[in-house]
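> Please find the sequence and the predicted model below.
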Amino acid sequence: MGAATLLEGPVGCGLLRFVLPILAGNILQQLYNSVDAMIIGRYVGEAALGAIGASQPIISIVLALVIGLGIGMEILLGVYIGQRDGQKAKQVVDTMFTAVMLLAVVMAAAGWFGTPAMLRGMRTQPEHMEAATAYLRIIFLGLPGITGYNTMTGAIRASGDSRAPLLFLAVCTAANLALDLLAVRALGMGVEGAAWATALAQMLSFLLILGYANRRPHGLRYNVRDLDLSWHMLLRGLGYAIPASIQQCATSAGTLFLQTVVNGLGGSAVTAYTIGCRIASFAAAPIVNIGQALTIFTSQNLGARQRDRVREAKRYCLLWAFCIGGALLALLWGFGGEMSRFFGAAGETVDMAWDYVRILSLGYFMAGYFTVMEGLVRGAGNTVIPMVSTIGGYWLFRLPAAVLLRGPLGYRGVWMSVLTGWSFSFLLELFYTRSGHFRRLLDNSERVEEREHE
């Protein structure tokens, strides 16, 4: 699917054809990420599953830095594709992808040596410490592959092609599952086997997607012998990427702090939180990807100076997000317990995890609204407001609420804190997108890109 699909034709049909492969891909990605948890929970035990959960916030905060750079690349790339400027599109890919990969290599080395100290700083449970250290170190070794895959996938999606990443992800999800079963069940390698399976499968996916990009007939090719690097493009990309990176890091750091709060509730709560987060990731995937698709659609169409198409796309995305929120409310209240057992939970852990997803489901209408509107704002070139939304929601509301409610309400108070953060993000996006500043942003995006195009 090419970029012309997003710039021409009926908005709803074109956007739906674009977003469906992204939705399928995100579900596959969540399955990919959850395979370790499912197999470890079934064949090794709850303690090993808790070790994976204890390491997850650290992985998230590391990926947040490189994901932010990737977001900057996607926004710029969408603009130049909307302008049909292949030379600048190549500069974006060469410059930003090189920066992302260099950062990933440095972080992989630092993570290998710093893993024990990071886990101790999180107050990881003693029974999880050894397994979490082994798992996390291997994941750090695979960081360049994970980073390269996610960044190049974003670039290909920004070009208007959402099908190819889905195909490669399906292949690599199957490879990860096969390697997990071999390493964990057949060879008895435990959490280390699951980590090696993930790292190797992600490297395979990176090599496949890079080979595909280099066979494409336009500016997504990446060849270290033919790089068109640009300091101007790097600085412009960083202008979008730095707030996005801060946003991602704030979320991940908040998740790490929240994990520390949960760790104080005992082993069952840690495992329930791990399982609840996995289920919630699956549930939220459609809403998240609708927002991502709107970012790409907005950047391309503002680059092509077609603001009316952006308004129409926003209406479609909000409608879809609200429908999904209603479906999730019914699904998680009715079948959340069975989903928890699928991950190997038993006894009180099932009830804890079920409470978590039921509480989250109450806020999916709010989450749908601010996720879609963040996609719109980010696609228009403003990554600061989404950053403020996340930092405020997490650090000013959710984390204090988790600490305050843990005493009187126990684990349920920590689960309920999620809704307080979402309420702040909802209100901020509601007020900002109705403001004169946002209307001027859309006008200025069209005029700035038009002058540069000329």
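Structure received. Numbering: from 1, shown residues only.
> so what's Phe257 closest to, chain neighbours aside?
Leu399 (5.8 Å; C-beta to C-beta, 6 or more residues apart in numbering). In this view, the C-beta of every residue, glycine as well, is placed from N, C-alpha and C.
> what's the one you found in contact with, if anything?
Taking C-beta atoms under 8 Å, 6 or more residues apart in numbering, we find Leu399 in contact with Gly254, Phe257, Leu258, Val261, Ser417.
> Identify the spatial nearest neighbour of Thr147, chain neighbours not counted.
Thr147 sits nearest to Ala104 (C-beta to C-beta, 6+ apart), 3.8 Å away.
> Count the neighbours of the one you found for me.
Applying other C-beta atoms under 10 Å, we find 23 other residues in the vicinity of Ala104.
> name the element it belongs to?
Per DSSP states H and E: Ala104 is located in helix 86-121.
> buried sites along that helix?
88-97, 99-101, 103-104, 107-108, 111, 114-115, 118-119 (16 or more other C-beta atoms under 10 Å).
> which secondary structure element contains the closest residue to Leu428 other than its chain neighbours?
Nearest-residue entry for Leu428: Ser389, 4.9 Å, with adjacent residues in sequence omitted and distances by C-beta to C-beta, 6+ apart. Applying DSSP H and E as the criterion places Ser389 in helix 384-391.
> Run the chain-centre distance for that helix.
Mean-position distance between helix 384-391 and its chain equals 15 Å (C-alpha atoms, centre = their mean, to the nearest Å).
> From here on, call the first residue 279.
Yep, numbering from 279; the last one is helix 662-669 now.
> how far away is the residue nearest to Thr425 from Thr393?
16 Å (C-beta to C-beta, to the nearest Å).
> likewise Ala329?
Counting by C-beta to C-beta, the gap from Ala329 to Thr393 is 12 Å.
> quick one: buried residues of the next helix or strand after the helix holding Ala382?
Next in sequence after helix 364-399, counting helices and strands by DSSP H and E, comes helix 404-419. Using 16+ other C-beta under 10 Å as the test for burial, helix 404-419 gives His406, Ala409, Ala410, Thr411, Ala412, Tyr413, Leu414, Arg415, Ile416, Ile417, Phe418, Leu419.
> Stretch 480-491 now?
Gln480, Met481, Leu482, Ser483, Phe484, Leu486, Ile487, Leu488, Tyr490, Ala491.
> pLDDT of that stretch, averaged?
The average of the pLDDT scores along stretch 480-491 is 86.
> Would you mind pulling the contact partners of it?
Residues outside stretch 480-491 that contact it (C-beta under 8 Å, 6+ apart): 420, 422-424, 426-427, 430-431, 433-434, 442-443, 446-447, 449-450, 453, 498-500.
> Taking the contacts of Leu677, tell me the two that lie furthest apart.
Distance extremes for the contacts of Leu677: the farthest pair is Phe535 and Ser695 at 11.3 Å, using C-beta to C-beta.
> Which one's more surrounded, the two?
Neighbour count, other C-beta under 10 Å: between Phe535 and Ser695, Ser695 has more, with 25 against 18.
> For Asn567, give me its contacts.
Val297, Ile300, Leu301, Gly303, Asn304.
> Let me know the closest of those residues to Leu516.
Looking across those and measuring by C-beta to C-beta, the closest to Leu516 is Ile300, at 25.3 Å.
> Next, the angle from the one helix or strand the closest one maps to to helix 404-419.
Assigned by DSSP H and E, Ile300 falls within helix 289-321. With axes from the mean of the first three to the mean of the last three C-alpha atoms, to 10 degrees defining the directions, helix 289-321 sits at 130 degrees from helix 404-419.
> what's the next secondary structure element after helix 289-321?
helix 324-360.
> other SSEs contacting that following helix?
For helix 324-360, the packing partners by 3 or more C-beta pairs under 8 Å, 6 or more residues apart in numbering; DSSP states H and E come out as helix 289-321, helix 364-399, helix 404-419, helix 421-436, helix 468-493, helix 509-541, helix 545-581, helix 642-657.
> can you give me how far the fourth one is from the chain middle?
Its chain's average C-alpha position is 12 Å from that of helix 421-436, according to C-alpha atoms, centre = their mean.
> can you redo the contacts of Leu677 as TSV with distance to Leu719?
Formatted as TSV, these follow (distance: C-beta to C-beta, whole Å):
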residue	distance to Leu719
Gly532	27
Phe535	32
Leu536	32
Val539	37
Ser695	32
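> Pick out the most distant pair among the buried residues of helix 404-419.
Farthest pair in the buried residues of helix 404-419, by C-beta to C-beta: His406 and Leu419, 20.1 Å.
> How about Glu286: what's its closest non-neighbour residue?
Gly292 (7.6 Å).
> mind checking pLDDT for the nearest residue to Ile300 once chain neighbours are set aside?
Distances taken as C-beta to C-beta, 6+ apart place Asn567 nearest to Ile300, at 4.5 Å, with adjacent residues excluded. pLDDT, Asn567: 86.
> now do Phe675
In this model, Phe675 carries a pLDDT of 91.
> dump the residue contacts of it.
Counted by C-beta under 8 Å, 6+ apart, Phe675 has contacts Ser695, Thr698, Gly699, Ser701, Phe702.
> 6 Å - rerun?
Residues near Phe675 by C-beta atoms under 6 Å, 6 or more residues apart in numbering: Thr698, Gly699, Phe702.
> Could you single out the nearest of these to Ala342?
Gly699 (16.7 Å).
> surely the residue nearest to Leu706 meets Ser703?
Yes. With contacts counted by C-beta atoms under 6 Å, Ser667 reaches Ser703, the gap being 4.4 Å.
> low-confidence ranges in the stretch 429-578 of the chain?
Scanning the stretch 429-578 of the chain for pLDDT under 70 picks out 494-497.
> one more time with 90
429-567, 570-571, 573-578 (pLDDT under 90).
> ditto for the stretch 629-732 of the chain
For the stretch 629-732 of the chain, the ranges with pLDDT under 90 are 629-641, 656-662, 664-665, 668-669, 671-674, 676-677, 680-681, 683-696, 699, 711-732.
> so how far is Leu294 from Ala519?
According to C-beta to C-beta, Ala519 and Leu294 sit 29 Å apart.
> Please say which of those two ends up with more neighbours.
When neighbours are counted by other C-beta under 10 Å, Ala519 and Leu294 differ, and Ala519 comes out ahead with 28 against 14.
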